[in-house]
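**Student:** Coordinates for the following, if possible.
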Amino acid sequence: MRQRSRRGSVEPTSPARDRAVAAASAPATPQAHRIAPAEVLRGEGAWQQALPRITRLCHRPLLLGRGPATLPLRQKLEQSLRQEGLTPQLERLEHDCCELDLERLGRSLADGGSEGRPDAVIASGGGKVLDAGKLLAHRHGLPCVTVPTSAATCAGWTALANVYSPEGAFQHDVELRRCPELLVFDHALVRTAPARTLASGIADALAKWYEASVSSAASSDGLIQQAVQMARVLRDQLLFDAEQALLDSSSEAWVRVAEACGLTAGLMGGIGGARCRTVAAHAVHNGLTQLSASHGALHGEKVGFGILVQLRLEEVLGGNQLAGQARRQLLPLFRQLDLPADLADLGLGQATLEQLQQACAFACAPGSDLHHLPFSVSAIDLMAALVSTRCGERVAA
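**Tutor:** All right, here's what the predicted structure looks like:
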């Protein structure tokens, strides 16, 4: 009996090997899954539909945001909350999801002021704002409502928060007790975001397949198997619809792609667990954030570049020529979506050897998700992959 690998090659198998894989993959203890928000509202006008639900959750929510670009949207949200009889307290992040902000906001939650202590957190913005809101609610035992203003990440969905330094360098992630009580994915709000954020979300969502398939394809766990196959279907839909979605934000393709990036991508991590979330693509992102010159690139842009790096590692170190073919097939799509495909595209064309070594050392540190790859990777190996993501591009053309 023979079986097909995830890249299409044929590998030998046997009952003994199947039993060994099953023994290694089967959960030895009961597994906890934080799969989805308690309720998801999606579509045009979802925010207005959410207001009665929010009034049942709280009376004085802390409304959290960050950037000046989304301030008019937050002011409209505040106004509609007040019209419902609520007393929102507006707060603004000064950094990414950062301990300095979290401690300051935590004091605000504890003190309350003359109008009383906030009794919920409503986070409205991009992924780092949503992560900060979730983590704040988690630490203070409050219900959380996430209101994404772009489809750049699935942070509005997940029971996970990434913590950054004040300078914007990734530090660690935190698993939360639960997903948000309510996720409001209002198409009218999300549609106001620049097209670049949707392209970034596409790259981030594509990583679900390229990472989960290499870390979890051999698992015997049924939920993990299903999550991996969902990631494959998600990839195929994104490849089919991405161009039209970016061309026309009023199209059905835009709806499918935006919801795939902001909703479905989060579901996979919930069903499949940590092993289905991140491998080398996100580890590369985490390493690159250590370099200030990369901070102008969005999360998904760095993750998308990380996909190319991971495929290069699979090709060179794993001996997987189909990974090389997959990388070369992605390059035209990345050009089409204006996604970075090399270090120069990320603003790192002038990075010094020492700086790149710093990024690689962080990505390869013990405990990094990069080590979910089925072969060893050193910082030197990663450096070589970082500078050769476009290798063979002309052949594919």
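
**Student:** Am I right that residue 44 is in contact with residue 189?
**Tutor:** No: contact criterion Cβ atoms under 8 Å: residue 44 and residue 189 do not qualify, at 9.8 Å. C-beta coordinates here come from the backbone N, C-alpha and C atoms, glycine included.

**Student:** So between these two, which is more surrounded?
**Tutor:** residue 189 (22 against 13; other Cβ atoms under 10 Å).

**Student:** residues touching that one, list them.
**Tutor:** 47, 73, 147-149 (Cβ atoms under 8 Å, 6 or more residues apart in numbering).

**Student:** Doesn't it lie inside a strand?
**Tutor:** No: using DSSP: H, G, I helix; E, B strand; the rest coil, the secondary structure at residue 189 is helix, not a strand.

**Student:** where does it land on pLDDT?
**Tutor:** Per-residue confidence (pLDDT) for residue 189: 97.

**Student:** what does residue 67 give?
**Tutor:** 86.

**Student:** Please apply the same query to the one 5 residues further on.
**Tutor:** The pLDDT attached to residue 72 in the predicted structure is 93.

**Student:** next one: the one 5 residues further on
**Tutor:** The confidence metric pLDDT takes the value 97 at residue 77.

**Student:** before we move on, what about residue 29?
**Tutor:** 76.

**Student:** what's the answer for the one 4 residues further on, then?
**Tutor:** pLDDT recorded at residue 33 is 90.

**Student:** Of all residues in this structure, which one is nearest the centre?
**Tutor:** residue 153 (4.7 Å; Cα atoms, centre = their mean).

**Student:** CA atoms of the one helix or strand residue 103 maps to as PDB?
**Tutor:** Using DSSP states H and E, residue 103 maps to helix 99-111. The C-alpha trace of helix 99-111 is given here as PDB (Å, rounded to 0.1, in the frame of the first residue of the first chain):
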ATOM      1  CA  GLU A  99       2.800  45.400  28.300                       C
ATOM      2  CA  LEU A 100       3.200  49.100  28.800                       C
ATOM      3  CA  ASP A 101      -0.300  49.700  27.400                       C
ATOM      4  CA  LEU A 102      -1.800  46.700  29.000                       C
ATOM      5  CA  GLU A 103      -0.600  47.700  32.500                       C
ATOM      6  CA  ARG A 104      -1.800  51.300  32.000                       C
ATOM      7  CA  LEU A 105      -5.200  50.100  30.700                       C
ATOM      8  CA  GLY A 106      -5.400  47.600  33.500                       C
ATOM      9  CA  ARG A 107      -5.100  50.400  36.100                       C
ATOM     10  CA  SER A 108      -7.900  52.200  34.300                       C
ATOM     11  CA  LEU A 109     -10.000  49.100  34.500                       C
ATOM     12  CA  ALA A 110      -9.300  48.700  38.200                       C
ATOM     13  CA  ASP A 111      -9.800  52.400  39.200                       C
END
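
**Student:** Show residues contacting that helix.
**Tutor:** For helix 99-111, using Cβ under 8 Å, 6+ apart, the contacting residues are 62, 64, 89, 91, 93-95, 117-118, 132, 135-136, 139-140, 142, 163, 166.

**Student:** Write the PyMOL selection for whichever of those residues are buried.
**Tutor:** One line in PyMOL is enough to select the buried members of those, burial here meaning 16 or more other Cβ atoms under 10 Å:
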select buried, resi 62+64+89+91+93+95+118+132+135+136+139+140+142+163
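
**Student:** thinking again about what came up before, the helix holding residue 103: how far from the chain's middle?
**Tutor:** Its chain's C-alpha centre and that of helix 99-111 lie 25 Å apart, by Cα atoms, centre = their mean, to the nearest Å.

**Student:** What residues sit buried inside that helix?
**Tutor:** For helix 99-111, by 16+ other Cβ under 10 Å, it's 101-102, 105, 108-109.

**Student:** In TSV: those residues, plus pLDDT.
**Tutor:** As requested, these are arranged in TSV below (pLDDT from 0 to 100):
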residue	pLDDT
101	96
102	97
105	94
108	83
109	86
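
**Student:** which of those lies closest to residue 349?
**Tutor:** residue 101 (31.5 Å; Cβ to Cβ).

**Student:** and the closest residue to the closest one other than its chain neighbours, what pLDDT?
**Tutor:** In space, and not counting its chain neighbours, residue 101 is closest to residue 93: 5.0 Å by Cβ to Cβ, 6 or more residues apart in numbering. Listed pLDDT for residue 93 reads 96.

**Student:** residues contacting residue 93?
**Tutor:** Contacts of residue 93 by Cβ under 8 Å, 6+ apart are 64-66, 101, 128-129, 132.

**Student:** Give me the subset of these lying in helices.
**Tutor:** Judged by DSSP state H, helices contain the following of the contacts of residue 93: 101, 128-129, 132.

**Student:** thinking again about what came up before, of all pairs in the contacts of residue 93, which one is the farthest apart?
**Tutor:** 65 and 101 (11.8 Å).

**Student:** hang on, the earlier thing: which residues outside the next helix or strand after the helix holding residue 103 are in contact with it?
**Tutor:** Moving toward the C-terminus from helix 99-111, the first helix or strand encountered (DSSP H and E) is strand 120-125. Contact with strand 120-125 is made by 54, 57-58, 60-67, 70, 73-74, 77, 81, 88, 129-130, 132-134, 136-137, 140, 142-149, as judged by Cβ under 8 Å, 6+ apart.
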